[in-house]
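Asks: what's the 3D shape of this:
(one chain, ligands or ions: 1)
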Amino acid sequence: MPAIEARNLTKHYGSHAAVQDVSFRVEAGQTLVLLGPSGCGKTTLLRMLNRLVEPDSGAVLINGQDARSQPAERLRRGMGYVIQQVGLLPHYTVAENVAVVPRLLGHAPAIVAARTEELLARLHLPPERFAGQYPHQLSGGQQQRVGLARALAADPPIILLDEPFGALDPITRASIRREFRELPELRRKTMVLVTHDVTEAFELADQIMLLDAGRVQQLGPPRALLLRPANNFVRRFFAAEQLALQLRALRLEDVLAELQPAGEAHAISSIGSDTKPLSSTASIHDTLEQLSDSPTVVSGEPTVWVRVSETTARPLTHATLMAAFGRALRRLASEG
Ligand SMILES: Nc1ncnc2c1ncn2[C@@H]1O[C@H](COP(=O)(O)OP(=O)(O)OP(=O)(O)O)[C@@H](O)[C@H]1O
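Replies: Predicted coordinates for the structure are as follows:
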């Protein structure tokens, strides 16, 4: 049973159709990204999931149960909600803001305090410095982290995020996104995230739903939208950032075959050093970054070793990895 299911959701504002006949399923632990140009209906769709907006027709099922079968407040307690404007309470300290929902739920004060400290520390807001501060004393990025800590505080199984990194400059945004991806708290969560940033979508999504004028243009894993676009809108939407997205959509395991010379008897056993092997599930983008950090330098290029046996290892550099990536793209496109 999917954790979230949307069935034929439609919403009009007057005669304007904001969302038209949208359906999707999100399995437990997966992330769906709602992507599309401004005004395409992303926020309206997200807010139908926690009943901040009621659909004209269609239904939302949470763990198989109709969202309308329980009071909206109870439904929302099981779903964290993170928005761009953060919405911190100005007269509450950081710690009080994070603790709002667990307190409402009647969790024991000592447990709430410990959990708040742990979350702040994990989100790089050392509690000894930040717990007693007020929202106006924080930067935009720090406020967004507090917003995220607040959404995670009661450990809800589902998190809805609306442009959660929207107010940040691109560099801070990329680094917060990385921390976000690595948060152990989020690994088990079912998430629906709204963004208009295609790179963000490709970094975070298991599935992307691309919308235009309230209608689904394509729903699928990131690489399917890139390699097998359903129509010209999808093709054009990704055209400008094609390479950056391909680097995020393909993983090291996709190019392994291309790193192997024809006729080589042994399969590749590892890439990288024994102490720091590269993960075969890392994106090519992340692999290139890790390669840059390699302490081994051959002919002025950072290098890692591709091992096929105890005694045989070949060097891998940015150039050889990019060449293999190019061949893998052509192969995947022709398999289309
Ligand atoms: N409360 C409302 N009353 C009237 N029209 C609305 C309301 N909320 C949204 N709309 C309209 O519905 C459409 C979809 O809006 P929505 O906020 O869902 O888009 P979005 O994709 O999230 O946009 P953005 O990326 O700019 O936030 C827009 O045309 C918007 O003007």
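
Asks: Low-confidence ranges, this structure, go.
Replies: For the chain, residues meeting the criterion pLDDT under 70 lie at 167, 265, 336.

Asks: Return the alpha-carbon coordinates of the top helix by length along it using PDB.
Replies: Ranked by residue count under DSSP state H, the longest helix found in the chain is helix 318-335. C-alpha atoms of helix 318-335 as PDB (Å, rounded to 0.1, in the frame of the first residue of the first chain):
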ATOM      1  CA  HIS A 318      38.000  13.300 -14.600                       C
ATOM      2  CA  ALA A 319      38.700  12.900 -18.300                       C
ATOM      3  CA  THR A 320      38.400   9.100 -18.400                       C
ATOM      4  CA  LEU A 321      35.300   9.300 -16.300                       C
ATOM      5  CA  MET A 322      33.600  11.900 -18.500                       C
ATOM      6  CA  ALA A 323      34.500   9.900 -21.600                       C
ATOM      7  CA  ALA A 324      32.900   6.800 -20.100                       C
ATOM      8  CA  PHE A 325      29.900   8.900 -19.000                       C
ATOM      9  CA  GLY A 326      29.500  10.100 -22.700                       C
ATOM     10  CA  ARG A 327      29.500   6.500 -23.900                       C
ATOM     11  CA  ALA A 328      27.000   5.400 -21.300                       C
ATOM     12  CA  LEU A 329      24.600   8.200 -22.200                       C
ATOM     13  CA  ARG A 330      24.700   7.100 -25.900                       C
ATOM     14  CA  ARG A 331      24.100   3.500 -24.900                       C
ATOM     15  CA  LEU A 332      21.200   4.400 -22.600                       C
ATOM     16  CA  ALA A 333      19.600   6.700 -25.200                       C
ATOM     17  CA  SER A 334      19.800   4.000 -27.900                       C
ATOM     18  CA  GLU A 335      18.300   1.400 -25.500                       C
END
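
Asks: hmm, who's touching it?
Replies: With contacts defined as C-beta atoms under 8 Å, 6 or more residues apart in numbering, helix 318-335 is touched by 223, 227, 246-247, 250, 254-255, 257-259, 284, 287-288, 291-292, 301-302. For every residue, glycine as well, the C-beta is placed using N, CA and C.

Asks: go again using 6 Å as the cut-off
Replies: Residues outside helix 318-335 that contact it (C-beta atoms under 6 Å, 6 or more residues apart in numbering): 227, 254-255, 258-259, 284.

Asks: Next one: the residue in the stretch 101-250 of the chain positioned nearest to the ligand from residue 38, what distance?
Replies: When you check the stretch 101-250 of the chain against the ligand by C-beta to the nearest ligand atom, the closest residue turns out to be residue 196, at 5.1 Å. Residue 196 sits 6 Å away from residue 38 when distances are taken as C-beta to C-beta, to the nearest Å.

Asks: what about these two, which has more around it?
Replies: Legend: neighbour count by other C-beta atoms under 10 Å for residue 196 and residue 38, higher for residue 196 (15 against 6).

Asks: so what's the more buried one up against?
Replies: So, once contact is read as C-beta under 6 Å, 6+ apart, residue 196 ends up touching nothing.

Asks: And it, its phi and psi?
Replies: Here is the backbone geometry of residue 196 (degrees, to the nearest 10): phi -110, psi 10.

Asks: can you tell me how far it sits from residue 41?
Replies: Between residue 196 and residue 41 the computed distance is 12 Å (C-beta to C-beta).

Asks: Tell me which stretches of the stretch 201-336 of the chain form helices.
Replies: Assignment of helices within the stretch 201-336 of the chain using DSSP state H, counting those that start in this stretch yields the ranges 222-227, 232-239, 242-249, 252-255, 284-292, 318-335.

Asks: now these in JSON lines, with mean neighbour count and distance to residue 94?
Replies: Formatted as JSON lines, the entries for these read as follows, by neighbours: other C-beta atoms under 10 Å; distance: least, C-beta to C-beta, whole Å:
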{"stretch": "helix 222-227", "mean neighbour count": "21", "distance to residue 94": "35"}
{"stretch": "helix 232-239", "mean neighbour count": "15", "distance to residue 94": "38"}
{"stretch": "helix 242-249", "mean neighbour count": "18", "distance to residue 94": "33"}
{"stretch": "helix 252-255", "mean neighbour count": "20", "distance to residue 94": "39"}
{"stretch": "helix 284-292", "mean neighbour count": "18", "distance to residue 94": "31"}
{"stretch": "helix 318-335", "mean neighbour count": "15", "distance to residue 94": "42"}
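
Asks: residues contacting residue 131?
Replies: By C-beta under 6 Å, 6+ apart, the contact list for residue 131 reads 94-95.

Asks: what about 8 Å?
Replies: Contacts were defined as C-beta under 8 Å, 6+ apart; by that measure residue 131 touches 93-95, 116-117, 120.

Asks: isn't residue 101 right next to residue 155, touching?
Replies: No: because the distance of 9.8 Å does not satisfy C-beta atoms under 8 Å, residue 101 is recorded as not touching residue 155.
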